[in-house]
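S.K.: fold the stuff below for me.
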Amino acid sequence: MPRPTNSSGRGSSRRPHRGGGNDKGGPSQRQLRVGEALRHALAEVLGRNEIRDPHLDGVSVTITQVKPSPDMRYATVYCEPLGGQNAKEIIAALNRHKGFLRGEMGHRLTMKFTPDLRFVEDESFAEALKIETILRSPEVQRDLTAHDGDESEEED
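M.R.: Here you go, the predicted structure:
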């Protein structure tokens, strides 16, 4: 007896699809691996200071994360200039030179295609500083001290 087929003429398979991503919507292992390879290659290219732009002269840029799209055609590069000064101008300069950076990365990677790059400021440092400032504020310290006092009274 022949196997049942679906409308495309192929046999149906109950095995789950393994490509692309995972059930939680996060990046796949391949995306994480490619993102890390892109980050290392980009850091190497930027470390050589070959870009001639007044906004990038003498500036150290930290590449914190590279997130490739599921099809690996595009990659968002999260970066922060050392000290966080003039971030908008530096990000704009990196975006102006993304074609050059992509070409230089292509020489260092063994990927079939080097993704188009989009540089954005990594705001996680500023967010962490904001949270740290809040935690050290007198109001929070007062509440923490009052809470610690409540626990010691309960123990008596």
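
S.K.: contacts for stretch 115-122?
M.R.: 38, 42, 62, 64-65, 68-69, 72-80, 87-88, 91, 94-95, 98, 101-102 (Cβ atoms under 8 Å, 6 or more residues apart in numbering). (Each C-beta comes from the backbone N, C-alpha and C, glycine too.)

S.K.: if you set the cut-off to 6 Å instead, what comes out?
M.R.: Contacts of stretch 115-122 with the rest of the structure, by Cβ atoms under 6 Å, 6 or more residues apart in numbering, involve 64, 68, 72-80, 87, 91, 94-95, 98, 102.

S.K.: buried among those? Need that as a selection in ChimeraX.
M.R.: To isolate the buried members of the contacts of stretch 115-122 in ChimeraX, using 16 or more other Cβ atoms under 10 Å:
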select :68,72,75,77,78,79,80,87,91,94,102
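
S.K.: show me where the chain has its helices.
M.R.: Ranges of helices in the chain, per DSSP state H, are 29-47, 87-96, 98-108, 124-135, 138-155.

S.K.: find the centremost residue of this protein, please.
M.R.: Gln65 (3.1 Å; Cα atoms, centre = their mean).

S.K.: how much space separates that one from Thr145?
M.R.: 37 Å (Cβ to Cβ, to the nearest Å).

S.K.: give me the below-cutoff pLDDT ranges for the protein.
M.R.: Flagging of the chain using pLDDT under 70 yields the residue ranges 1-24, 147-156.

S.K.: swap in 50 and give it another go.
M.R.: 12-13, 15-18, 20-22, 156 (pLDDT under 50).

S.K.: outline the domain layout of it.
M.R.: Following automatic domain parsing, the chain resolves into domains at 29-122, 123-156.

S.K.: most packed of those domains?
M.R.: domain 29-122 (a mean of 16; mean count of other Cβ atoms under 10 Å).

S.K.: gap between the two ends of it?
M.R.: This stretch, domain 29-122, spans 22 Å end to end (Cα to Cα, to the nearest Å).

S.K.: same question for stretch 113-124.
M.R.: Stretch 113-124 end-to-end distance (Cα to Cα) = 29 Å.
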